[in-house]
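Peer 1: build me a structure from this.
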Amino acid sequence: MAPSMVLPASARPDVLPTDRLLANGMARPGLRSDLRRIDDAHNALSVVAVWTWIAVIIGGATWIDRWWGYAVAFLLMCTMYPRLAILMHEAAHRLLFTDKRWNDAVGTWLVAYPAWVPIAIYRRGHMTHHREEFGPGEPDMAFYGGYPCARRDLARRLVRDAVGISGWKNLTPLLRSLRNPAFRRTGWSILGVQAVLWAVLWAATGRWWTYPLLWWLPWMTGWRVLNRLRAIAEHGGLEAGSDRRVTTHDVTQHWIARFCFVPYNTGWHLAHHVDMGVPWRNLPRFHAELVRAGYVTPATTYPSYRALWRALTLGAAPEAAA
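Peer 2: The predicted structure is shown next:
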């Protein structure tokens, strides 16, 4: 196996700066201001839409009231957590709404806390991730390290996710925070939101077990699998460097992946790391600018997530994976 999946310098053309992009890949000021524009109205609709989908999924399972209806709802609810997570990620970057108060209020109470995330702590860690990708302060190294790996090792990690072991490891720090004065308020706030969700689902469906089956259990299991697959597709097997093509994978986007685990354009992750101030709606446009400049090429792009995951067990570069 190769020690890393970093492309050699010969496969990373030195094309910057251009008439539209700076040497670091960011757009020049006029274009940058356009790319960084936040669409408040449509983002509000996105928040409403994800909760509408959640209501339709759970309501549909209750109306069908058959085991297979609950099974389908369980799987679909696993895909709702990536949506909440990415909207929370936007709020953490203060890109969900232009008004900081609305950004933080909606991002906290309607997106992060329902998804069990202490957004203030996440924001600090995530900004460190952007400043020190694979550096000594990288908070997500547990996700990204250890690749490429043997196929059985990746399978073992995914099984641990699927059966709730990883979910329990994420839940216990929240429970321990209730005894820590510095984090107690956040911990109780998250549990309070979960209690409200339980009460609402119980009242709406008439079944006390709707919440644990269709809200808590997908978070503990299926969401963990999707989150790992997304995370390693973003940075697995890479290393620190000033060139973002050294720290972040680029993957061709397909609708199935976008539906299941990379919603809201988060699959254009290389563009996000080149300029983390570009909101999710504008990432495809910014990615197109990187392609137009020759910074992103077929040689630097995996043709699918399946190809990238295969490469993570083979140590293959994009062209070899294809």
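
Peer 1: do you know how far the residue nearest to residue 17 when sequence neighbours are not counted is from residue 295?
Peer 2: Leaving aside its chain neighbours, residue 17 sits nearest to residue 23 (4.5 Å; criterion: Cβ to Cβ, 6 or more residues apart in numbering). To be clear about C-beta, it is placed using only N, CA and C from the backbone, and glycine gets the same treatment. Distance from residue 23 to residue 295, counting by Cβ to Cβ, to the nearest Å: 11 Å.

Peer 1: these two: which is more packed in?
Peer 2: More crowded of residue 23 and residue 295, by other Cβ atoms under 10 Å: residue 295, with 25 against 9.

Peer 1: list phi and psi for the more buried one.
Peer 2: The phi/psi pair for residue 295 (degrees, to the nearest 10) reads phi -70, psi -40.

Peer 1: confirm for me that it is in contact with residue 26.
Peer 2: No. In this structure, residue 295 is not within contact of residue 26 by Cβ atoms under 8 Å, at 11.2 Å.

Peer 1: low-scoring stretches of the stretch 101-250 of the chain, by residue?
Peer 2: Residue ranges of the stretch 101-250 of the chain with pLDDT under 70: none are present.

Peer 1: please name every helix or strand in contact with whichever strand or helix holds residue 155.
Peer 2: Assigned by DSSP states H and E, residue 155 belongs to helix 151-162. Under the contact definition 3 or more Cβ pairs under 8 Å, 6 or more residues apart in numbering; DSSP states H and E, helix 151-162 sits against helix 222-235.

Peer 1: now stretch 56-72, how far from the chain's geometric center?
Peer 2: 26 Å (Cα atoms, centre = their mean, to the nearest Å).

Peer 1: same question, stretch 204-220
Peer 2: 23 Å.

Peer 1: what about residue 243, distance to residue 203?
Peer 2: Residue 243 is 53 Å from residue 203, by Cβ to Cβ.

Peer 1: so the closest residue to residue 131 other than its chain neighbours, which of the three states?
Peer 2: With sequence-adjacent residues excluded and distances taken as Cβ to Cβ, 6+ apart, residue 131 is closest to residue 137, at 7.5 Å. At residue 137, secondary structure determined by DSSP: H, G, I helix; E, B strand; the rest coil is coil.

Peer 1: for residue 137, grab the count of nearby residues.
Peer 2: Counted with other Cβ under 10 Å, residues neighbouring residue 137 total 11.

Peer 1: tell me the confidence at the most centrally placed residue in the chain?
Peer 2: Nearest to the mean C-alpha position of the chain, counting by Cα atoms, centre = their mean, stands residue 86 at 5.2 Å. What the model reports for residue 86 is a pLDDT of 98.

Peer 1: what's the strand or helix carrying it packed up against?
Peer 2: Taking DSSP H and E as the definition, one finds residue 86 inside helix 67-92. Applying 3+ Cβ pairs under 8 Å, 6+ apart, one finds that helix 67-92 contacts helix 40-64, helix 100-106, helix 119-131, helix 217-220, helix 222-235, helix 255-260.

Peer 1: what are the buried residues along that helix?
Peer 2: Across helix 67-92, burial judged by 16 or more other Cβ atoms under 10 Å covers 70, 73-74, 76-92.

Peer 1: got phi/psi on the residue nearest to residue 17?
Peer 2: Torsion angles at residue 23 (phi, psi; degrees, to the nearest 10) stand at phi -60, psi -30.

Peer 1: distance of it relative to residue 277?
Peer 2: On the measure of Cβ to Cβ, residue 23 and residue 277 end up 17 Å apart.

Peer 1: great, nothing more from me.
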